[in-house]
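> kindly generate the corresponding structure for this input.
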Amino acid sequence: MDLNLKGKKAFVAGGSRGMGKAIAKVLAEEGVDVAIAARDIERLENAANDIRKNTSTKVVPISFDTGDKESVDSAVKNAHSELGGIDILINSAAIPNGSPAAVRPIDSLDENALIGDFNIKYVGALRCARAVLPYMQQQGWGKIVNISGINARKAGNLTGGARNVALMHLTRSLAMQFGRFGINVNCIYPGATRTERTPEVMLKRAKALGISAEELEKQDFAPDSPLGNFICRLVDAKEVADVAVFLCSDKSSSISGEAIATDGGAGSFISY
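All right, here's what the predicted structure looks like:
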């Protein structure tokens, strides 16, 4: 399917690794010029070089911090200048699952770590959206995809779950406010996802259990296990990216303000 994205311009927050990088890569393969933004410039340069290997599109690495408004505004302005516009925003910047000091029961969690997690992910996404929306409004077209997480539908993680719920509220609110300007805003709920670090982590756990990494994955993702899902395997970041990039295209123009889970059908709960 041709998504008709060739020539579009995208700003990918959190684009140096993980799902953000995977999304940037698929966007580039579809002919989109991309600015990938994160804090670590060396990691950004490596990611940009990797994305360039199989594409002829422009890839611009930009160092920034979603926790700082001035940094976000400067990065978006720089990206707009380098790319010649911004049509697409991917908000994927966050500490996965949250800071360890905030992923604790309420009586022992670190409040500053909790606030920091919200500042980086939720307020960071708000900052990025606020910076790109004037460009999108002016041109009468835009796509924003926020990478939230399946913990939004689960109780227990007071930082990961709560900030993901907040990000969905932002998604729905922006979709309602800016839909009249030709701007679609949607959210993705990934579950456990294979990224660059996964093989090392899985191998270490498998060795400790005396089994292969393949067998560990089968055990972890069996439907009756805590991490289990309906497809009985780990979802790859590329699969999440494919959904995100579809949401960046006009093929998804009837979808706005929605959350789409890319967790392989984790859990037995029903969301409606």
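
> pretty sure residue 161 sits against residue 167.
No: counting by C-beta atoms under 8 Å, residue 161 does not reach residue 167; the two are 10.8 Å apart. Backbone N, C-alpha and C define where each C-beta goes, glycine included.

> looking at the two, which one has more neighbours?
Shown here are residue 161 and residue 167; by other C-beta atoms under 10 Å, residue 167 has more neighbours (25 against 21).

> longest strand of the chain?
Using DSSP state E, we find that the single longest strand of the chain is strand 183-190.

> that one - contacts with which helices or strands?
Here strand 183-190 is seen to pack against helix 124-139, strand 142-147, helix 160-178, helix 237-247, strand 259-262 when contacts are counted using 3 or more C-beta pairs under 8 Å, 6 or more residues apart in numbering; DSSP states H and E.

> send me stretch 69-81 as CSV with only the CA atoms.
Provided in CSV are the C-alpha atoms of stretch 69-81 (Å, rounded to 0.1, in the frame of the first residue of the first chain):
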residue,chain,number,x,y,z
LYS,A,69,10.4,24.4,27.1
GLU,A,70,13.1,26.5,25.5
SER,A,71,15.0,23.4,24.4
VAL,A,72,11.8,22.0,22.7
ASP,A,73,10.9,25.3,21.0
SER,A,74,14.5,25.7,19.7
ALA,A,75,14.6,22.1,18.4
VAL,A,76,11.3,22.4,16.6
LYS,A,77,12.3,25.7,15.0
ASN,A,78,15.6,24.2,13.9
ALA,A,79,13.8,21.1,12.5
HIS,A,80,11.4,23.3,10.6
SER,A,81,14.3,25.3,9.1
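
> give me the contact list for that stretch.
Residues outside stretch 69-81 that contact it (C-beta atoms under 8 Å, 6 or more residues apart in numbering) are 9, 11, 35, 37, 60, 62-66, 86, 124, 127-128, 131-132, 135.

> follow-up on the earlier one: list residues touching both of residue 161 and residue 167?
Jointly contacting residue 161 and residue 167 under the rule C-beta under 8 Å, 6+ apart are residue 152.

> the longest strand of the chain pairs with which strands, parallel or anti?
strand 142-147 (parallel), strand 259-262 (parallel) (DSSP bridges).

> and that strand, what's its mean pLDDT?
Mean pLDDT, strand 183-190: 98.

> quick one, it and helix 237-247 angle?
160 degrees (axes from the mean of the first three to the mean of the last three C-alpha atoms, to 10 degrees).

> a markdown table for the strands paired with strand 183-190, including mean neighbour count and distance to residue 247?
A markdown table is the format used below for the strands paired with strand 183-190 (neighbours: other C-beta atoms under 10 Å; distance: least, C-beta to C-beta, whole Å):
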| stretch | mean neighbour count | distance to residue 247 |
| --- | --- | --- |
| strand 142-147 | 26 | 5 |
| strand 259-262 | 20 | 8 |
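
> right, and the ones you listed - which one's nearest residue 46?
Smallest distance to residue 46 across the strands paired with strand 183-190 (C-beta to C-beta): 20.7 Å, for strand 142-147.

> kindly export the longest strand of the chain (C-alpha atoms) in PDB.
C-alpha atoms of strand 183-190 as PDB (Å, rounded to 0.1, in the frame of the first residue of the first chain):
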ATOM      1  CA  ILE A 183      -5.000  17.800  12.000                       C
ATOM      2  CA  ASN A 184      -5.400  14.300  13.300                       C
ATOM      3  CA  VAL A 185      -4.100  13.300  16.700                       C
ATOM      4  CA  ASN A 186      -4.000   9.700  17.900                       C
ATOM      5  CA  CYS A 187      -2.300   7.600  20.500                       C
ATOM      6  CA  ILE A 188      -0.600   4.100  20.400                       C
ATOM      7  CA  TYR A 189      -0.500   1.800  23.400                       C
ATOM      8  CA  PRO A 190       2.500  -0.500  23.000                       C
END
